[in-house]
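Novice: Test case, fold it:
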Amino acid sequence: MPRKPRFFLPDIPAHLVQRGNNRQAVFFAENDYRVYLGWLGEAAERNDCAIHAYVLMTNHVHLLVTPKDAAAISRMMQSVGQRYVPYVNHEYGRSGTLWEGRFKASLVQAQSYLLACYRYIEFNPVRAGMVAAPGDYPWSSYRCNALGERNPLIATHPDYRALGDSATERQAAYRDLFTAHLDPILLEQMHACLQTGTPFGNDRFREQIERTLGCDLGYARRGRPRRVVTVDSKADLHRDQRSIEGL
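Specialist: Numbering: from 1, shown residues only. Presented below is the predicted three-dimensional model:
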């Protein structure tokens with residue numbers, strides 16, 4: 001069965017997850033995390049990818065990234081893999097596959113959906129029972145986004161900047177987001193979108209992505225009523241392309 005293609009669009013955020021083969025560890029010592037982040041930063045800069053949030057777990061990685069062109073994310077991830085996999089194999093005397101196939105990805109609608117991704121990613125270590133609070137975990141972007149700790153890897157998204165007029169206000173508002181649990185329905189939708197590669201957002205966002213790409217992406221769940229997406233003219237397509245970011 002052919003693999004479902006992944007779709008990225010310039011200036012549209014994407015949530016990525018890459019897991020270790022058979023859910024096995026991909027980080028074994030503190031230096032491994034540092035090495036990965038260093039190469040990720042270089043690859044992101046070289047390929048015009050803005051990283052807004054990340055977490056490196058023992059056996060998987062979550063990233064929230066906005067690319068400047070449709071191929072930038074794939075180039076970035078390929079570059080990191082080409083350096084990190086040989087490093088791990090050499091460092092630990094192993095061989096073979098490190099990652100579980102291709103990374104999974106889902107385009108993310110701005111505003112509430114995007115901020116939900118921020119929270120989901122940086123709350124991972126707490127959900128896994130590794131730490132009591134997200135700020136206790138050193139291998140995520142939380143300390144930068146919530147506490148103002150310098151992190152050259154992080155580029156702030158406009159939705160994050162809209163949280164306040166100053167850095168102090170933004171960080172306080174961001175910390176407040178973590179005082180409530182994510183909506184279980186939203187969380188389930190996020191998981192389903194990642195697994196299927198469908199956009200994480202409302203129906204209008206998904207339909208506009210489909211119009212821009214010129215293909216039917218379907219729904220994250222089976223059995224949901226389908227709606228026919230039509231493009232009446234080239235003018236409609238260009239209008240939808242321009243409006244995606246504003247959703």
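
Novice: H52 contacts I154, correct?
Specialist: Yes - at 6.7 Å, H52 and I154 qualify as touching, with contact defined as Cβ atoms under 8 Å. Where you see a C-beta, it was placed from the backbone N, CA and C, and this is true even at glycine.

Novice: what touches both of these two?
Specialist: Listed as contacting both H52 and I154 by Cβ atoms under 8 Å, 6 or more residues apart in numbering are S141.

Novice: okay, now Q78: neighbour count?
Specialist: 14 (other Cβ atoms under 10 Å).

Novice: and it, that's in a helix?
Specialist: Yes - per DSSP: H, G, I helix; E, B strand; the rest coil, Q78 lies within a helix segment.

Novice: and it, what pLDDT?
Specialist: On the pLDDT scale, Q78 is placed at 97.

Novice: What about D136? Give its phi and psi, please.
Specialist: phi -80, psi -10 (degrees, to the nearest 10).

Novice: show me the contacts for it.
Specialist: P125.

Novice: Would you map the helices across the protein?
Specialist: Using DSSP state H, the helices of the chain run over 30-46, 72-91, 112-122, 124-127, 142-147, 158-161, 167-177, 184-196, 203-213, 234-243.

Novice: one step back: H52 and I154: who's more crowded?
Specialist: Relative neighbour count places H52 above the other of H52 and I154, with 24 against 20, counting by other Cβ under 10 Å.

Novice: which residues touch the more buried one?
Specialist: Here H52 is in contact with P13, L64, V65, T66, Y118, S141, I154, A155, T156, H157, Y160 (criterion: Cβ under 8 Å, 6+ apart).

Novice: Kindly report the same for F178.
Specialist: Contacts of F178 (Cβ under 8 Å, 6+ apart): R119, E122, F123, P134, A146.

Novice: Skip the chain neighbours and tell me the closest residue to the third one.
Specialist: By the measure of Cβ to Cβ, 6 or more residues apart in numbering, the closest residue to F123 outside its immediate chain neighbours is P134, 5.6 Å from it.

Novice: rewinding a little: tabulate the contacts of F178 (CSV), appending pLDDT and neighbour count.
Specialist: Shown next, in CSV, are the contacts of F178 (pLDDT from 0 to 100; neighbours: other Cβ atoms under 10 Å):
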residue, pLDDT, neighbour count
R119, 97, 22
E122, 98, 27
F123, 96, 20
P134, 97, 24
A146, 98, 22
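
Novice: of all these, which comes closest to I73?
Specialist: The closest of the contacts of F178 to I73 turns out to be E122 (Cβ to Cβ; 19.7 Å).

Novice: That closest one against S140, yeah?
Specialist: Yes - the criterion here is Cβ under 8 Å, and E122 meets it with S140 at 5.0 Å.

Novice: who touches both of these two?
Specialist: A53, V55, P134.

Novice: Serialize the helices of the chain to CSV and add fields for distance to F103.
Specialist: Output for the helices of the chain, formatted as CSV (distance: least, Cβ to Cβ, whole Å):
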stretch, distance to F103
helix 30-46, 12
helix 72-91, 6
helix 112-122, 14
helix 124-127, 16
helix 142-147, 21
helix 158-161, 23
helix 167-177, 26
helix 184-196, 10
helix 203-213, 19
helix 234-243, 25
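
Novice: which of these has the lowest average pLDDT?
Specialist: Looking at the helices of the chain, the weakest mean confidence is helix 234-243, a mean of 35.

Novice: before we move on, back to that, of the contacts of H52, which is the nearest to V85?
Specialist: Distances from V85 to those, taken by Cβ to Cβ, are shortest for V65, at 19.8 Å.

Novice: Who are the contact partners of that closest one?
Specialist: Contacts of V65 by Cβ under 8 Å, 6+ apart are P13, A14, L16, A44, C49, A50, I51, H52, I73, M76.

Novice: show me the contacts for the residue nearest to the third one when sequence neighbours are not counted.
Specialist: So that's L16. Nearest residue to L16, sequence neighbours excluded (Cβ to Cβ, 6+ apart): L63, at 4.4 Å. Residues near L63 by Cβ under 8 Å, 6+ apart: H15, L16, V17, L40, I51, A53, Y54, I121.
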